[in-house]
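>>> Fold the following for me, if possible:
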Amino acid sequence: MKRHIAFLMVLSAMFLWVSGGGLLAADSLKKPNILLITADDLGCLLSCYGEKRIATPKLDAFAAEGVLFRNAYVAQSSCSSSRAALLTGRWPHQNGQVGLAHLGFRMQPGQPTMPALLKAAGYRTGIIGKLHVEPAADFPFDWMPDKVKVAAPPTRNVRWVAEQSRAFFASAKASGQPFFYYVNYFDPHGPLNKETDQVAGLPEKPLSGVDIKEPIPLNAADPSKNATATARLLNTVMRIDAGMGLLLDELKAAGFADNTMVIFIGDNGTAMPRGKTTCYETGVRVPMLMRWPGRVKTGQVRAETVSLLDLMPTVLAACGVKAPDSLVGAQLQPLLRGDPCKDWREFLFTEMNFHEPQIFRGQRTVRDRRYKLVLNLVTVADQPTVELFDLQNDPDENKNLADDPAHADARKKLEAVMQSWREKRADPLLDPVRLQRWKDAAARWGRLPRVKAGPHMVVRIPEGELELLK
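Numbering: from 1, shown residues only. Just a heads-up that it's a prediction; the model follows:
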């Protein structure tokens, strides 16, 4: 009898070994931890994405240990809307977070969110840095850092982030639960000034304007300021890189590195003309890197178009949590494994609604492997209603081909795909009456008195007036 039981135990262990791809039985049954990291307003300014003015060695090494997605896109190029889409797996026009949370925009309450679903599945949840989505009650976190009173956002201090993260990892170890930890660096979000060039000694050697030979056109009104502005922006990126190294060191020291899916993203693109708050490439294309030892094929650079909307179904699948039917993204597991994926999505969409209450852009875009169509529901100056760009030959979107007969077929195809997507996803701005109501609301809010919010004077939606968008 004893020999029979021993034989069954060996057979069971062999089955777990084979089915787990060579993993130990205990590891194959262990739920992964999730470490989700955002950098605020970070476009593709990493050296692993081709940036030449600075080096980002920590993030480059991290990318080499996992997957770099060359064509990763946000749902909407505005902080709150992008983050709400990331954490609900639904478009901003579906979840309701169509503008900035601290200025009065908010989701429809009661929606399934990534931290809520993982918490219900037994995960310990933690956050550091801004959530920037309302209602916050739909995002239950077990752990937050100690509050600090400083002039600048504390997550600019990446040493402090690492120290606080050490405390979270210790609490997760003590709980015995797998964890979901949401880390939100404030860099490279503005305002950028002399004080942000170096925070807590990082970067060790900040750049100045004289170091910049090829400035980023950040200031259209005064190009003479671009060299200094570029140096200050790149200083924040170098600080994020150093912070990423410190954070991963803490993860490793806590003993979690081998069983943690780590995801690093920008929440939207660079704040510059035709960047953040628009659907042009500089605004919607962001870095996205993922590492998961033993489960992700290392050293990959994937060219497929992916969206931050894909992260929620990917994370839930990795954690063995049933995904809500409302999710609109795709699981990234085939790409993570290194599969060929010739039938990966043909079309990728983005949208822009509000940023601040008085800034209503109203854009919808669709791209395939070559062309990108931009539909401007609200036009300014000489902006056309339809724009078509050949991303293969014009990645900076300088030449509008919408009225070029040679590209008429591409325009027609993408317009039909766009219309189908808007109908399928119940785009509220298909209704011309509602579109006009959103325009009128923005105009009305733009006439309101400005109030102080941090370093800025801003417009807030008065209590109850969000109903104007319904």
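>>> So for stretch 340-347, first residue to last residue, what's the gap.
18 Å (Cα to Cα, to the nearest Å).
>>> show me where the stretch 201-350 of the chain has helices.
For the stretch 201-350 of the chain, the helices defined by DSSP state H, counting those that start in this stretch occupy 226-253, 281-284, 311-318, 333-337.
>>> Centre of the chain to the second one, how far?
This means helix 281-284. Centroid separation for helix 281-284 versus its chain: 12 Å, with Cα atoms, centre = their mean, to the nearest Å.
>>> for the last one, same thing?
Taking the mean C-alpha point of helix 333-337 and that of its whole chain, the gap between them comes to 19 Å (Cα atoms, centre = their mean).
>>> The helix or strand hosting Ala443: which residues count as buried?
Assigned by DSSP states H and E, Ala443 belongs to helix 432-446. Neighbour-count burial for helix 432-446, counted by 16 or more other Cβ atoms under 10 Å, picks out Leu435, Arg437, Trp438, Ala441, Ala442, Trp445. (Each C-beta comes from the backbone N, C-alpha and C, glycine too.)
>>> What's the end-to-end length of stretch 256-272?
Span of stretch 256-272 from end to end, Cα to Cα: 38 Å.
>>> The helix holding Ala443 - contacts with which helices or strands?
strand 348-354, strand 360-367 (3 or more Cβ pairs under 8 Å, 6 or more residues apart in numbering; DSSP states H and E).
>>> Give me the residues contacting that helix.
353-354, 357-360, 362, 377-378, 428-429, 459, 461, 465, 468-469 (Cβ atoms under 8 Å, 6 or more residues apart in numbering).
>>> The same query, at a cut-off of 10 Å, please.
98-99, 103-104, 353-354, 356-362, 377-378, 427-429, 431, 459-462, 465-470 (Cβ atoms under 10 Å, 6 or more residues apart in numbering).
>>> just the helices and strands packed on helix 432-446: most buried one?
Comparing these by mean neighbour count (mean count of other Cβ atoms under 10 Å), strand 348-354 comes out on top with a mean of 26.
>>> can you give me the mean pLDDT across that one?
Across strand 348-354, pLDDT averages out at 98.
>>> and the angle for it with helix 432-446?
Angle of strand 348-354 versus helix 432-446, following axes from the mean of the first three to the mean of the last three Cα atoms, to 10 degrees, is 50 degrees.
>>> what about strand 348-354, distance to the chain center?
The answer for strand 348-354 is 14 Å, by Cα atoms, centre = their mean.
>>> can you tell me which two in the buried residues of helix 432-446 are farthest apart?
Leu435 and Trp445 (16.0 Å; Cβ to Cβ).
>>> of all the buried residues of helix 432-446, which comes closest to Gly201?
Trp445 (42.1 Å).
>>> and the closest residue to that closest one other than its chain neighbours, how many neighbours does it have?
Nearest residue to Trp445 in three dimensions, chain neighbours excluded: Pro357, at 3.8 Å (Cβ to Cβ, 6 or more residues apart in numbering). For Pro357, the number of neighbouring residues by other Cβ atoms under 10 Å comes to 24.
>>> Can you tell me the SS state at Pro357?
Taking DSSP: H, G, I helix; E, B strand; the rest coil as the rule, one finds Pro357 in the coil state.
>>> any idea which residue sits dead centre in this structure?
Asp267 (3.4 Å; Cα atoms, centre = their mean).
>>> mind checking how far that one is from Ser82?
Per Cβ to Cβ, to the nearest Å, Asp267 is found 5 Å from Ser82.
>>> re earlier: just list the residues touching the residue nearest to Trp445, thanks.
99-100, 103-105, 441-442, 444-446, 448, 458-462, 465-466.
>>> which of those residues count as buried?
Buried among these by 16+ other Cβ under 10 Å: 99-100, 103-105, 441-442, 445, 458-461, 466.
>>> Can you mark which positions in stretch 369-385 are buried?
Tyr371, Lys372, Leu373, Val374, Leu375, Asn376, Leu377, Val378.
>>> Closest to Leu246 out of these?
Of all these, Lys372 has the smallest distance to Leu246: 37.4 Å, by Cβ to Cβ.
>>> Could you grab the helix/strand/coil label for the closest one?
Classification of Lys372 by three-state DSSP places it in strand.
>>> Any figure for the gap between the nearest residue to Val386 once chain neighbours are set aside and Arg302?
Using Cβ to Cβ, 6+ apart and skipping residues adjacent in sequence, the residue nearest Val386 is Ala402, 4.7 Å away. Distance, Ala402 to Arg302, using Cβ to Cβ: 30 Å.
>>> And Gly43, by the same measure?
Taking Cβ to Cβ, one finds Gly43 at 18 Å from Arg302.
>>> what domains does the record give for the protein?
31-337, 348-469 (automatic domain parsing).
>>> Report pLDDT for the closest residue to Asn353 other than its chain neighbours.
Nearest non-adjacent residue to Asn353, counting by Cβ to Cβ, 6+ apart: Val98, 3.8 Å away. Per-residue confidence for Val98 comes out at a pLDDT of 98.
>>> Any idea how far apart the tips of stretch 351-369 sit?
18 Å.
>>> Repeat that for stretch 259-278.
End-to-end distance of stretch 259-278 (Cα to Cα): 37 Å.
>>> what's downstream of the least confident helix or strand in the chain by mean pLDDT, the next helix or strand?
Lowest by mean pLDDT, DSSP states H and E among the helices and strands of the chain is helix 25-28, with a mean of 38. Following helix 25-28 in sequence order, the next helix or strand is strand 33-39 (DSSP H and E).
>>> What is that next one packed up against?
helix 79-88, helix 114-120, strand 124-128, helix 158-175, strand 179-185, helix 226-253, strand 260-266, helix 311-318 (3 or more Cβ pairs under 10 Å, 6 or more residues apart in numbering; DSSP states H and E).
>>> Run the angle between the last one and helix 79-88 for me.
Read it as helix 311-318. Using the same axes, to 10 degrees: helix 311-318 against helix 79-88 is 30 degrees.
>>> How about the third one?
Counting by the same axes, to 10 degrees, strand 124-128 points 170 degrees away from the direction of helix 79-88.
>>> now this structure, which segments are flagged as low pLDDT?
Counting by pLDDT under 70, the chain has low-confidence residues at 1-29, 149-151.
>>> So Cys44 sits against Asn268, correct?
No. Taking contacts as Cβ atoms under 10 Å, Cys44 lies outside contact range of Asn268: 11.8 Å.
>>> Next, show the common contact partners of these two.
Shared contacts of Cys44 and Asn268, counting by Cβ under 10 Å, 6+ apart, come down to Thr282, Arg285, Val286.
>>> so which of those residues comes closest to Pro92?
Nearest to Pro92 among the shared contacts of Cys44 and Asn268 is Val286, at 15.7 Å by Cβ to Cβ.
>>> phi, psi of Gly338?
phi 90, psi 20 (degrees, to the nearest 10).
>>> Around it, count how many other residues there are.
Gly338: 14 neighbours (other Cβ under 10 Å).
>>> on that earlier part again, just the helices of the stretch 201-350 of the chain: most buried one?
Buried most deeply of the helices of the stretch 201-350 of the chain, by mean count of other Cβ under 10 Å, is helix 281-284, with a mean of 26.
>>> Counting by contacts, list what that helix packs against.
Using 3+ Cβ pairs under 10 Å, 6+ apart as the contact definition, the elements that helix 281-284 packs against are strand 67-73, strand 348-354, strand 360-367.
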